[in-house]
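> pasting the structure only:
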């Protein structure tokens, strides 16, 4: 891209891109594994391609203020397209790539999308399926031409073709692009991200260049990130976290992003890249740990003993060593040995050998899970934020990690707690507005300019923020005791055998729960015991499995008992669901949070059975397969009682 | 499937009879295969479908009949010659090297294209090195095509059945065949795996123009993906034509559903 554009203040992403092309043009900006080999794009190549794509889009009729829908897995071309549309004053609107056509329809209609850029044939087919309901949609471009040979529709374009057209236009009108970039302002909307719809229909969150750049700037300074970082970009592009880490921060300091070969190869790719900076939701860390544990159980006895011995050492002193706190010499020596024999190789297998900073966010992380990673020397920290705040509200400072808090207010952010316990936030990273929803905007931002997060929390004595639950989810048991379902579910989900849990109890006399088993972990457990099963439903219905889950629930009850105000929330009765909760059946959001209300309605008979003391219940449920067809599964579910400890002991504890 | 043009007859089987001692496996069977088409062979158990496939790629030698492949008549054919002529196949019972990785298994599909001598390959130098890179590239394309990147380095024996079938298809594709013989590619698969496999078979046919001859039990699949179907029963041909013609053929109906006695 031309020099003139870069000489302006670096306050929009296109200007930042020009800057990097000038300052570190030869340095790697993006990588992607293709045909088994990592392919590289330098900053100057990225800038050139993004510029050409911008011109190609303009040639198609893309105008300032238009929205470009982007649907696909993390691909360099799609990231480039985000900056490309920003160059010509457009707004990228990334969508969740695993959404079915019907779900996409709402967002595409809401955003009034005229142009869409999608990854491959699969996504093109989805858009074609709903195209007659999208009168505004004019052009669809695709990244991967495989299988597209026979599509003759004139509104379909290969992205390479667009880039080619753009290059010609650039030659004919060399001033066009720099002028367009110069027109951009920091207060223009840079990206529109749709909320996952935990609460009703998705809303388009308009975030300005200034908001994302200030959020990225804060994070970069906080963790002293440089252009030498490597990050693996594998989380959905429509998620605010990926946008912050893979695009905003990378664009700000100029580090390299790496796109995996496919969704299933992430583990291998992670190992090959060895990122220095890593971001994953708790679910990913959970899955990794589950896999490690499964493989350790299959290892030979001496190895297993070695592993458990050194993991005990790590549990005792690993986190303290990482935080630079004083630790006894003997433990230090044992930890060093452990690092050589266990932690080092383990980190290597996980692809985490080079990690300087790892973050997790999106949901609460189990303290034990969190401690595990820190204890083996991975600087895992939590952050707190939401789409509306560029995922930037609180960060945990190095050396001040508390397992149950999300850290202190990030630089430049003001956080306060409302009278009802709700967390309020103010700062430059706040959303500009919800797209075409002034009513929702007015509801979310109060008169003093604070964004109302909807989360309940409190500051501890050292100024660390603790999140309890969604403010509206925190309920009360019939006896008036506090009921925080999320908190209980997270405790249950920490067991590798439990994949998902849904707790009920608001205005009821006791807490009951639905449990989803983890087919990987429980399947392995069953295999080692010679328990044969034919599939998920069969395994979930096994008596032994139910007993296994009962032990987990009872352990959670014991933990809850020791936590004062939550002692009443012990799970009295539970059942193991016959099918996995699935976003395709609307039971989870696309970011895989449980939709408690929907589930309660759908499985009302089961809840009734739990509370009326029945010991089994028949249920038939509709399921949706990946191709959109539906089928039915039926099962006779066992309902089990879990041992609860009398809350009387609470009084003794409190006394 | 608008882009694919079905061409001339490339394989013509004329009056084929095959006996094992006194057992007549195939009796006087004639049919042909056209370039770029998907040709299905169906029939009840023991109808002689696999024998037919084995005749085509030269494992069995029919006692009577002529086989014309690409205008060239042959009576006897060795499997390795068939492979050199561009015929690749998969097996009803998966025939992969269980202890080897997916990548290595697929690499064996390139064997007919390797020219470097044993010695050159042993020291991995010059021509051998160049060839290896070339073959690896081709294999990676196949891996990408069949979407099995995530199991590239996994030993085949550890994979579930559906994926093993896909790896076998990959190995056959690595040979860049002009004709692909598939022996029950969807046997024992669940609905989703079958759909995937169907998609891959059609993609192969569409993208590379590969002629496909397949044996399959699942009628729905056969009717959906084939251009023409030949029906065998007790070693004899009882039907031949488009899926619709075959479906309405009374002899075929009685072979499958039984006749009233």
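Done, it's in. Bear in mind that the values here come from a model prediction, so they are computed numbers and not experimental data. Numbers count the residues shown, from 1 in each chain, chains lettered A, B, ... in the order given.

> so what's residue A:59 up against?
Residues in contact with residue A:59, defined by C-beta atoms under 8 Å, 6 or more residues apart in numbering or on different chains, are A:162, A:165, A:166, A:169. Heads up, the C-betas are built off the backbone N, CA and C, glycines and all.

> tell me the first helix or strand C-terminal of the stretch of helix or strand the second one belongs to.
Assigned by DSSP states H and E, residue A:165 belongs to helix A:159-172. Next helix or strand after helix A:159-172 toward the C-terminus (DSSP H and E): helix A:176-183.

> residue 217 in helix, strand or coil?
You didn't pick a chain, so chain A it is. Following DSSP: H, G, I helix; E, B strand; the rest coil, residue A:217 is assigned to helix.

> can you look at chain B instead?
Of the three states, residue B:217 takes coil under three-state DSSP.

> still on that earlier bit, neighbour count and pLDDT added to the contacts of residue A:59, as a markdown table?
Output for these, formatted as a markdown table (neighbours: other C-beta atoms under 10 Å in any protein chain shown; pLDDT from 0 to 100):
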| residue | neighbour count | pLDDT |
| --- | --- | --- |
| A:162 | 24 | 94 |
| A:165 | 19 | 94 |
| A:166 | 26 | 94 |
| A:169 | 18 | 93 |
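
> need those residues in JSON lines with distance to chain B, can you?
JSON lines is the format used below for the contacts of residue A:59 (distance: C-beta to the nearest C-beta, whole Å):
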{"residue": "A:162", "distance to chain B": "23"}
{"residue": "A:165", "distance to chain B": "24"}
{"residue": "A:166", "distance to chain B": "27"}
{"residue": "A:169", "distance to chain B": "30"}
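
> for the residues you listed, which one is nearest residue A:620?
Checking those against residue A:620 with C-beta to C-beta, the nearest one is residue A:162 at 49.0 Å.

> so the closest one makes contact with residue A:53?
Yes: contact status for residue A:162 versus residue A:53: in contact at 6.0 Å, counting by C-beta atoms under 8 Å.

> what is in contact with those two at once?
With C-beta under 8 Å, 6+ apart, residue A:162 and residue A:53 have no common neighbours.

> so residue 220 is in which element?
All of this is about chain A. Secondary structure assigned from DSSP H and E places residue A:220 in helix A:209-222.

> please refer instead to chain B.
helix B:219-225.

> on contacts alone, who are the packing partners of that helix?
strand B:38-42, helix B:191-208, helix B:243-247 (3 or more C-beta pairs under 8 Å, 6 or more residues apart in numbering or on different chains; DSSP states H and E).

> out of these, flag the one nearest chain A.
Taking C-beta to the nearest C-beta, helix B:191-208 is the member of the helices and strands packed on helix B:219-225 nearest to chain A, at 6.6 Å.

> so the closest one, near chain A or not?
Yes: Helix B:191-208 comes into contact with chain A (C-beta under 8 Å from any C-beta of the partner chain), by way of B:192, B:195, B:203, B:206, B:207.

> and residue A:219, how many neighbours?
Neighbourhood size, residue A:219 [other C-beta atoms under 10 Å in any protein chain shown]: 26.

> torsion angles phi and psi at the residue nearest to it when sequence neighbours are not counted?
Leaving aside its chain neighbours, residue A:219 sits nearest to residue A:249 (6.0 Å; criterion: C-beta to C-beta, 6 or more residues apart in numbering or on different chains). Per-residue torsions, residue A:249: phi -70, psi -40 (degrees, to the nearest 10).

> quick one: pLDDT of residue A:249?
As predicted, residue A:249 sits at a pLDDT of 94.

> counting neighbours, what do you get for it?
Residue A:249, neighbours per other C-beta under 10 Å, totals 26.

> list the contacts for it?
Contacts of residue A:249 by C-beta under 8 Å, 6+ apart are A:216, A:219, A:220, A:225, A:255.

> elements contacting the helix with the most length in chain A?
Ranked by residue count under DSSP state H, the longest helix found in chain A is helix A:301-322. In terms of contacts (3+ C-beta pairs under 8 Å, 6+ apart), helix A:301-322 is packed against helix A:282-298, helix A:329-338, helix A:367-375.

> right, so those helices: which one is the most enclosed?
Compared across the helices and strands packed on helix A:301-322, helix A:367-375 shows the largest average neighbour count, a mean of 20 (mean count of other C-beta atoms under 10 Å in any protein chain shown).

> next one: it to chain centre, how far?
Computed by C-alpha atoms, centre = their mean, to the nearest Å, the chain-centroid distance of helix A:367-375 equals 19 Å.
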